[in-house]
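Participant: predicted coordinates and the sequence they were generated for:
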Amino acid sequence: MRRFLLCLLCGLLLPGPLSAATGNHLIGQKSPYLQQHAHNPVDWYPWGEEAFERARRENKLIFLSIGYSTCHWCHVMAHESFEDQQVAALLNADFVAIKVDREERPDIDQVYMQVAVALTGSGGWPLTVILTPEKVPVYAGTYFPKESRYGRLGLLELLPQIAARWQQYPEHIRDSGRQLLERLNRPRGTAATDLGAELFERADTRFKSSFDARYGGFGQAPKFPRPHGLTYLLRRYRQSGDERLLDIVTTTLDAMRRGGIYDQLGGGFHRYSTDREWLVPHFEKMLYDQAGLALAYLEAWQVTGRQRYADTVREILDYLRRDMRDSEGGFYAAEDADSEGVEGKFYLWRLAEVKKVLGAEDAVLFAAAYGVAPEGNFAADIRGEQPGMNILHLVRSLPSLAVEYKMTEAQLRARLAADRAEMLAARDRRVRPQRDDKVLSAWNGLVISAFARAGRVLDAPVYLRTAQRTADFIHQRMRDRQGRLLRRWREGDAAIPAFAEDYAFLARGLLDLYRADFDPRRLRQATALAQQLLDRFSAAGGGFYDTADDAEQLVSRPQSLFDGALPSANSVALEVLARLYLLTGDDHWERPARKLLARFSAEVSDSPTRYAQLLQGAMLLLQPTRQVVLVGPPEADTTGQLLDILQHRYLPETSLLLLPPGQSALLADLAPHSAGMRMLGGRPTVYICRDFSCQKPLTDPAEVAARLAKPPVASRP
């Protein structure tokens, strides 16, 4: 009866449901996420003054829904509620509904996610927030079903309750919201603490204590890849020689590569594992995960020389080039977990399907290698799938499998590679998950780093050319008329003023690209981006806000620090500033870097593993480093030998400049300390410096290799 009365009320309050043909106010938006909701019966608005003006004029609360196009539970809530006429009628009658793509507007997401965490103790997506017309939050949560169940309030109950309270007690609700904002906007503690070697030792201890020695990774389920934690541990292994740290990294990388979290056919990693064993993933694929994990495997290859890590890097990057690159050079944001309305369907296999693709004989070997069983390994009772579905994962070591099937390991690898190619071709004929084809500056900055570094370390020119093309695309197509960086490009349209993470991530990508191709233009571009960070994003107490000083003013100005799935803007900015200081010797970059580190020192010291990327930047300021300048013609054989040492080896504490003879003026203004450096005896020459005080120049590659074999040990003054 109550539902019937609600429907009657909906009919009285609305002239009629929105037409799916005409859509709502999201029609014309470029975001794939907003386009997914453009034909909902909910009268959605994009974030903007039109929506807020209506809310003020009609004295209505705002129903803010934040998500992204590849978010599984966003899809669930959309199908259950936002495509439902009853829910739409309640929203349209009593609220102004706004949709936000968190990947386009991370600032809005950051502000209101803090609210959700403060009110509920947790966050996630879809993020649901009720605002006053003044954008002040008064209620928050994540996923809400249509009807109440399992102790979770449904929208059919929640929305009328909130609307009624707003009509009865509007000022009380406003006051409560303002008090909440006052608490959230209180300055964070600024008392600095001294940071030294004990900070890194404490982080090492905590990583060790949370490490899952049986299955790799950290903690129990769900498990996330945490690539910046792994790259931090590799740096600490180089400094300390602690084999336990290396074991944590290699055990984790091996377990992930064998598991279902890795796409065994197409390459690339899914978002996270729902179980402890890395078998059952959440199947969406994010661009930033691919970039971060490619770097983790690449550095592990440099440290260990294990070929499987280099192979994994190539598979990740080849996947990105094949499936995630726009024809103009930018990389897309993500691939969905769902296809045909079912999560993971694109990636799952029955044994009968494998036999049909490969034939009975090859299917036996493939099933033995990749864990394909008649009963399946994908829990039907959890996911609602029919039994017999399998997630491909490596269940046997290749040497043992080769012995069992009486072939050499090389023969086995070749046969499995051919089988995977056939299986991939068959999978490509399925309905693919939706791809979010927007290009984001920040995430592409991460990709530039991965391709540039892989290009030089793996001697893969195609990867280096990819990084160069992506960098050129962003600089040519993702700037406004004043030359400022823009956040998003899609279908020829670049828009949204860039955030601090866009500047920081792209600057780091350009520094990595400079180290790969030694084009001084890249160093100048990185310097310009870093200067924009200083000029437009700096916080008085140190560090950077997420938004520029002339950006839209929200109810608070976010300043992110925690390194989650993505490293924070402040963490990457710290690395950029420290690297520019080591390259140039200019304390213009060192001063704000140290100020940033001091500003957040207490928080980092208290929970160091939450700031694994920031710790890597801190190492460049607090631990011994080297500055290396190579003077020589790039085409000379000896220059090539020296670059092989400097480019291929794992030297995270070492900066590198290349000065071709006669071209030192190109870098003289950026790196004045290099101005007097010359070739000795007409031979390519390496200058190895500490605190910009250089040792005797070297021309013998063997001497250079010996000098750089171990990290510097003396402490910085």
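Facilitator: Perfect, I can see it now.
Participant: and the residue most central in space within the chain, what element?
Facilitator: Note on the chain: the residue nearest the mean C-alpha position is residue 288, at 3.1 Å, using C-alpha atoms, centre = their mean. Element membership of residue 288, judged by DSSP states H and E, is helix 287-304.
Participant: in the following helix or strand past that helix, what's buried?
Facilitator: The helix or strand immediately downstream of helix 287-304 is helix 307-323, counting by DSSP H and E. Across helix 307-323, burial judged by 16 or more other C-beta atoms under 10 Å covers 309-310, 312-317, 319-320, 323. In short, each C-beta sits where N, CA and C put it, glycine included.
Participant: closest to residue 292 out of these?
Facilitator: Set against residue 292, the nearest of those by C-beta to C-beta is residue 316 (10.1 Å).
Participant: so what's that closest one up against?
Facilitator: Going by C-beta atoms under 8 Å, 6 or more residues apart in numbering, residue 316 touches 267-269, 290, 293-294, 297, 450.
Participant: and with 7 Å instead?
Facilitator: 267-268, 290, 293-294 (C-beta atoms under 7 Å, 6 or more residues apart in numbering).
Participant: how close does residue 342 sit to residue 81?
Facilitator: The gap separating residue 342 from residue 81 is 19 Å, by C-beta to C-beta, to the nearest Å.
Participant: which of those two has more neighbours?
Facilitator: Comparing residue 342 with residue 81 by other C-beta atoms under 10 Å, the one with more neighbours is residue 81, at 26 against 15.
Participant: before we move on, back to that, want to throw the buried residues of helix 307-323 into a markdown table with distance to residue 337 and pLDDT?
Facilitator: Converted to a markdown table, the buried residues of helix 307-323 look like this (distance: C-beta to C-beta, whole Å; pLDDT from 0 to 100):
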| residue | distance to residue 337 | pLDDT |
| --- | --- | --- |
| 309 | 26 | 98 |
| 310 | 28 | 98 |
| 312 | 22 | 98 |
| 313 | 24 | 98 |
| 314 | 25 | 98 |
| 315 | 20 | 98 |
| 316 | 18 | 98 |
| 317 | 22 | 98 |
| 319 | 16 | 98 |
| 320 | 18 | 98 |
| 323 | 15 | 98 |
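Participant: now those residues as CSV including distance to residue 531?
Facilitator: Compiled in CSV, the buried residues of helix 307-323 are given as follows (distance: C-beta to C-beta, whole Å):
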residue, distance to residue 531
309, 36
310, 36
312, 36
313, 32
314, 36
315, 37
316, 32
317, 31
319, 35
320, 30
323, 36
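Participant: farthest pair within those residues?
Facilitator: Farthest pair in the buried residues of helix 307-323 (C-beta to C-beta) is 309 and 323. Separation: 21.8 Å.
Participant: element containing residue 436?
Facilitator: Counting by DSSP H and E, residue 436 is found in strand 435-440.
Participant: can you list the strands that that strand pairs with?
Facilitator: Its sheet considered, strand 435-440 pairs with strand 332-335 (antiparallel), strand 486-490 (antiparallel) by DSSP bridges.
Participant: can you list contacts of the helix or strand following it?
Facilitator: With elements assigned by DSSP H and E, the helix or strand that comes after strand 435-440 is helix 441-457. Helix 441-457 has contacts (C-beta under 7 Å, 6+ apart) with 287-288, 291-292, 294-295, 298, 302, 313, 317, 320, 330-331, 333, 460-461, 463-464, 466-467, 470-471, 474, 478, 485-487, 498, 501-502, 505-506, 508-509, 512-513, 516, 647-648.
Participant: got it, and stretch 578-592?
Facilitator: Contacts for stretch 578-592 (C-beta under 7 Å, 6+ apart): 511, 527, 530, 534, 577, 593, 617, 620-621, 625, 627, 655, 657, 670-673, 692.
Participant: which segments of the protein make up each domain?
Facilitator: Here the domain parsing of the chain from automatic domain parsing is 2-184, 197-340+436-622, 345-432, 626-708.
Participant: ranking those domains by burial, who's on top?
Facilitator: domain 197-340+436-622 (a mean of 21; mean count of other C-beta atoms under 10 Å).
Participant: end-to-end on it?
Facilitator: 8 Å (C-alpha to C-alpha, to the nearest Å).
Participant: phi and psi next, for residue 496.
Facilitator: Dihedral pair for residue 496: phi 70, psi 110, per degrees, to the nearest 10.
Participant: not counting its neighbours along the chain, what's nearest it?
Facilitator: residue 487 (3.9 Å; C-beta to C-beta, 6 or more residues apart in numbering).
Participant: do the same with residue 577
Facilitator: Leaving aside its sequence neighbours, residue 577 sits nearest to residue 593 (C-beta to C-beta, 6+ apart; 3.8 Å).
Participant: what about that neighbour, which helix or strand?
Facilitator: Going by DSSP H and E, residue 593 is in helix 587-599.
Participant: using CSV, write down the CA coordinates of the helix or strand just after that helix.
Facilitator: As assigned by DSSP H and E, the chain's next helix or strand after helix 587-599 is helix 601-606. C-alpha atoms of helix 601-606 as CSV (Å, rounded to 0.1, in the frame of the first residue of the first chain):
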residue,chain,number,x,y,z
SER,A,601,56.4,14.8,9.0
ALA,A,602,54.3,13.9,12.0
GLU,A,603,51.6,12.1,10.0
VAL,A,604,54.2,10.3,7.9
SER,A,605,56.2,9.3,11.0
ASP,A,606,53.1,8.0,12.7
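Participant: what is the following helix or strand past helix 601-606 packed up against?
Facilitator: Going down the chain from helix 601-606, the next helix or strand is helix 612-622, by DSSP H and E. In terms of contacts (3 or more C-beta pairs under 7 Å, 6 or more residues apart in numbering; DSSP states H and E), helix 612-622 is packed against helix 227-240, helix 569-584, helix 587-599.
Participant: so which helix or strand takes in the nearest residue to residue 549 once chain neighbours are set aside?
Facilitator: Among residues not flanking residue 549 along the chain, residue 536 sits closest, at 5.4 Å (C-beta to C-beta, 6+ apart). If you go by DSSP H and E, residue 536 is part of helix 520-537.
Participant: what is that helix packed up against?
Facilitator: Judged by 3+ C-beta pairs under 7 Å, 6+ apart, the packing partners of helix 520-537 are helix 500-517, helix 569-584.
Participant: what's the nearest residue to residue 40 if we skip its chain neighbours?
Facilitator: Nearest to residue 40 is residue 82, by C-beta to C-beta, 6+ apart, at 4.7 Å.
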